[in-house]
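> after the sequence you'll find the predicted model.
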Amino acid sequence: MIVTVDTAAQKAVRLRGDDAHPFTNGFLCRKVNHYLERVYHSERLLHPLRRVGAKGEGRFVRISWGDAIDAVATNLKQVVSEYGPQAILPYSYAGTMGKIQGSSLDRRFFHRLGASLLDRTICATAGGIGCEVTLGAGKRAAVDPERSVDCRYIVNWGSNTLITNTHFWAIQHEARKRGAKIVTIDPFRSATAAKSDWWLPIRPGTDAALALGVLHILFRDGLNDQDYLDRYCLGGEELKARALAEYPPEKVAAITGLPVADIERFANEYGRSRELFGGPALIRLNYGLQRHGGGGMAVRTIVCLPAVTGDWRYSGAGALLSTSKEYPFDGPALERPDLIPPGTRTVNMVQLAEALHGELAGPPVKAMIVYNSNPAAVAPNQSRVLEGLKRDDLYTVVLEHFLTDTARHADIVLPATMQLEHWDIHSSYGHLYVQANPPAIPPPGEVKPNTEIFRLLAKAMDLEPELFAPTDEELCRLSMKATGGFQGITFDDLRDGVAKRLNLPKNWAPYAEGNFGTPSGKCHLFSPTEQAAGRDPLPRYVPPHEDPQTRPDLAAKYPLQLVTPPDPAFLNSTFVEIEHLRSQAAEPTVDLHPQDAAARGVADGAVVAVFNGRGRFRAKAKVGETVRPGVVVTQGCWWSRFTADGLNHNTLTSTALTDFGGGATFFDNLVQIEAITG
Ligand SMILES: Nc1nc2c(c(=O)[nH]1)N[C@H]1C(S)=C(S)[C@@H](COP(=O)(O)OP(=O)(O)OC[C@H]3O[C@@H](n4cnc5c(=O)[nH]c(N)nc54)[C@H](O)[C@@H]3O)O[C@H]1N2
Ligand SMILES: Nc1nc2c(c(=O)[nH]1)N[C@H]1C(S)=C(S)[C@@H](COP(=O)(O)OP(=O)(O)OC[C@H]3O[C@@H](n4cnc5c(=O)[nH]c(N)nc54)[C@H](O)[C@@H]3O)O[C@H]1N2
Ligand SMILES: [Mo]
């Protein structure tokens, strides 16, 4: 972002994309483009607040920083003396993904206190572990996306790329001009699906079955790159035997709901991309397919495909989930995990509802400190989370920009800086540049960076001053180890905000000659590690937790599969505060197929109730062929204040975990819909 500042007024007057940034190329996404409206929003929090109303009601009074920090320290000390430090739960995620404001002094603070650890599973762990099973420790499906213009068959698999990764869509668009075909696999006709050459409306949570069906066809028709398999892979024969024996197209069609002819055509085009379209294939797999009971297995299986076709040989081709692992940030130096007392329990953030209801092992949660996150809106099983946040015996502190649904339940709210107002350093999970974020303007009002808030808290809690002494710039410097992709790049090279490409070869292709992260360096199509752990050594289809095919009992009551991705106008629950983005999203809606609508007497535009055993909320019906029969989609994450019943789609989602990584299963829900009359 290039910010123009009126220096006399110390005010940012313009914000735009950076033309000199090779990947973002001068444009910002639809939300960040309006970031100045967040910065100067009339509801922005500018002072510490103390709650005076009931939890959730939103009545607060302004207090001084001194009083706020004293109050927090007094309460935390009391919790520690009565219940031990593990009764304190930190809760943070991706509000800012900066290394310094996201995970540095905050971690030191909680580690030193001996607070419960938080397993940050809400987004990416299922696919992370799924990748590691196949590709090896610390590895992700990664390519240089700028080189993907040379791909000629591009598959957006569970990825709403046009919306959630808009700069990569621009690259796909360019590849298409040069002859590429774009295919999207998604139960919902997302904006990406609508703009693709071919939309494959798969049944939710069945992607591993499709991938195994594709493998069946690749092996059956001799479309496998045997040389790549022989040199760089372990278990090609075993995978082949399983795919051929267990995943014939007819069976895969019955699981995925896709016609046999489409499965055959997709596998054939994918496997023969170079011959048919003149260039290699890329699978842009993303988070949509991970948010299901079998999400880890789905990723593990899909990332086998480029090894079988040999697409890993080509720069920009193969599969892309995340480039995040290419950044050798020195996490331990920032976070000091050595300070964690042995035996400290870990709470999975997906299970916040259980944690707040005292259902997890270990001491009850008596205090929670939330920053960079809005769990009241984004965590699953929202009604139970809200009930937990309303507990009178829970002390809640929230560091925020706005009075979010979570902040409204806080005892103390502490105002935090935004991106324009603090130092930070950023990796990416979608490209290969590292960048510092120098502040453009001073913080407004009494706002402070997260780091500074933890410095104040540490002092009030009598923790060792030297742990919290480094300035934010010093922390930035400390974060960069001169190894791997950071060789030849120092913080000083980044200070002015110019993005530097990681030190990787121009035609980077990480797995072109093997180099996987496994002990043998080979791609594990067959995983001895999984076998040793008593699990299936080969990929297989793991059905969703709530699947009409495997849970007919549940489907009798709740027959529809519900998918709950973010609205294109929002970033999870961020930007809901911006009025004109909110008006683009308009109101909570639910897409349903005309057959399912007719069966329920639901007309397009009617208000319906969407419900299951966990919750119920109202939405406006959008009847159309944007979903396959049996599937419904409601986009979020709305704030309670702006919905008819004070709830969003997470009142319907469950805290059940994924097969690998303990991830969230936001898109794995059975529901029923009924028309609301009167
Ligand atoms: N505008 C915008 N951009 C964002 C975000 C945002 O909230 N708004 N969030 C950011 C974050 S934190 C993340 S993690 C990424 C997420 O980026 P994406 O992975 O693109 O995110 P989603 O939109 O959640 O899911 C993608 C698609 O998967 C589909 N899907 C659901 N279930 C299945 C399934 O079983 N199989 C298949 N094949 N598809 C399925 C959904 O219908 C959806 O269209 O986006 C980032 N970018
Ligand atoms: N049903 C359903 N639920 C979902 C998803 C879904 O697709 N469907 N998506 C999931 C995904 S992919 C993710 S990543 C999670 C995201 O969950 P969260 O990380 O909680 O994301 P946000 O909703 O964006 O909320 C982040 C909050 O951090 C605040 N914030 C931003 N920067 C700073 C800062 O510097 N300091 C402080 N103190 N606060 C800051 C913002 O104001 C915002 O309120 O949600 C998950 N929840
Ligand atoms: Mo995410």
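Nice, I can see it. Ligands and ions are numbered 1, 2, ... in the order given.
> is the residue in the stretch 401-550 of the chain positioned nearest to ligand 1 within a helix or a strand, and which one?
In the stretch 401-550 of the chain, the residue that lies nearest ligand 1 is Pro544 (7.7 Å; CB to the nearest ligand atom). (Glycine included, C-beta is placed from N, CA and C.) Counting by DSSP states H and E, no helix or strand carries Pro544.
> and for the one 10 residues further on?
Secondary structure here is read from DSSP H and E; on that basis Leu554 sits in helix 552-557.
> which parts of stretch 271-287 are buried?
Going by neighbour count (16 or more other CB atoms under 10 Å), the buried part of stretch 271-287 is 271-274, 277, 279-287.
> what's the pLDDT at whatever residue of the stretch 201-350 of the chain ends up closest to ligand 1?
Residue of the stretch 201-350 of the chain nearest ligand 1, by CB to the nearest ligand atom: Gly288 (1.8 Å). pLDDT, Gly288: 96.
> can you offset everything so residue one is 35?
Let's use 35 as the start, then, which means that last one is Gly322.
> quick check: it touching Gly192?
Yes - assessed by CB atoms under 8 Å, Gly322 is found in contact with Gly192 at 3.2 Å.
> neighbour-wise, which of those two wins?
The neighbour count for Gly322 versus Gly192, taken as other CB atoms under 10 Å, is higher for Gly192 (30 against 27).
> my read is that that one contacts His326, right?
No - judged on CB under 8 Å, Gly192 makes no contact with His326 at a distance of 9.4 Å.
> shared neighbours of those two, anything?
Both Gly192 and His326 are contacted by Ala332, under the criterion CB atoms under 8 Å, 6 or more residues apart in numbering.
> could I get the CA-only coordinates of the longest helix seen in the chain as CSV?
Determined from DSSP state H, the single longest helix within the chain is helix 99-117. Provided in CSV are the C-alpha atoms of helix 99-117 (Å, rounded to 0.1, in the frame of the first residue of the first chain):
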residue,chain,number,x,y,z
TRP,A,99,-4.5,3.6,30.3
GLY,A,100,-3.1,3.5,33.9
ASP,A,101,-6.5,2.4,35.3
ALA,A,102,-7.0,-0.1,32.5
ILE,A,103,-3.7,-1.8,32.9
ASP,A,104,-4.0,-1.8,36.7
ALA,A,105,-7.4,-3.4,36.4
VAL,A,106,-6.2,-6.1,34.0
ALA,A,107,-3.1,-6.9,36.1
THR,A,108,-5.1,-7.1,39.4
ASN,A,109,-7.6,-9.5,37.9
LEU,A,110,-5.0,-11.7,36.2
LYS,A,111,-3.0,-11.9,39.4
GLN,A,112,-6.1,-13.0,41.2
VAL,A,113,-6.9,-15.7,38.6
VAL,A,114,-3.3,-16.9,38.9
SER,A,115,-3.4,-17.1,42.6
GLU,A,116,-6.7,-18.9,42.8
TYR,A,117,-6.6,-21.2,39.7
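> how about that helix and ligand 2, touching?
No - using CB under 6 Å from any ligand atom, helix 99-117 never reaches ligand 2; the gap is at least 13.9 Å.
> I'd like the next helix or strand past that helix.
strand 122-126.
> give me the contact list for that following strand.
Identification of contacts with strand 122-126 by CB under 8 Å, 6+ apart yields 110, 113-114, 136-137, 140, 144, 147, 149-150, 152, 154, 381, 383, 386, 389, 399-407, 409.
> among these, which lie within strands?
Within the contacts of strand 122-126, residues falling in strands by DSSP state E are Leu152, Val381, Ala401, Met402, Ile403, Val404, Tyr405.
> residues contacting the one residue sitting closest to the centre of the chain?
For the chain, the residue nearest the mean C-alpha position is Cys157 (3.5 Å; CA atoms, centre = their mean). Counting by CB under 8 Å, 6+ apart, Cys157 touches Tyr127, Ala128, Tyr321, Gly697, Ala698.
> how about the residues of the stretch 485-634 of the chain by ligand 2?
Thr598, Pro599, Pro600, Leu605, Asn606, Ser607, Thr608.
> with secondary structure added, can I get these in JSON lines?
Listed next are those as JSON lines, based on DSSP: H, G, I helix; E, B strand; the rest coil:
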{"residue": "Thr598", "secondary structure": "coil"}
{"residue": "Pro599", "secondary structure": "coil"}
{"residue": "Pro600", "secondary structure": "strand"}
{"residue": "Leu605", "secondary structure": "strand"}
{"residue": "Asn606", "secondary structure": "coil"}
{"residue": "Ser607", "secondary structure": "coil"}
{"residue": "Thr608", "secondary structure": "strand"}
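> any idea how this structure splits into domains?
36-156+376-523, 161-355+543-566, 586-709 (automatic domain parsing).
> buried deepest among those, which one?
domain 161-355+543-566 (a mean of 22; mean count of other CB atoms under 10 Å).
> work out the gap between that one and the centre of the chain.
Taking CA atoms, centre = their mean, to the nearest Å, the mean C-alpha location of domain 161-355+543-566 is offset from the chain mean by 19 Å.
> try stretch 145-153
Computed by CA atoms, centre = their mean, the chain-centroid distance of stretch 145-153 equals 22 Å.
> any part of it near ligand 2?
No - figure legend: stretch 145-153 not in contact with ligand 2 (CB under 6 Å from any ligand atom); closest approach 11.9 Å.
> first-to-last residue distance for that stretch?
Stretch 145-153 stretches 13 Å from its first residue to its last (CA to CA, to the nearest Å).
> excluding its own residues, what touches it? List them.
When contacts are defined by CB under 8 Å, 6+ apart, stretch 145-153 is touched by residues 110, 114, 118-126, 144, 159, 369-371, 373-375, 378-383, 396, 399, 492, 495, 497-498, 501, 696.
> can you do 6 Å?
119-120, 122-124, 370, 373-375, 378-383, 497 (CB atoms under 6 Å, 6 or more residues apart in numbering).
> tell me which element His207 is part of?
Going by DSSP H and E, His207 is part of helix 200-211.
> who touches Asp259 in this structure?
Thr343, Gly344.
> and for the one 3 residues further on?
Listed by CB under 6 Å, 6+ apart, the contact partners of Tyr262 are Gly344.
> same thing but 8 Å
By CB under 8 Å, 6+ apart, Tyr262 lies in contact with Ala341, Val342, Gly344, Trp346, Arg347.
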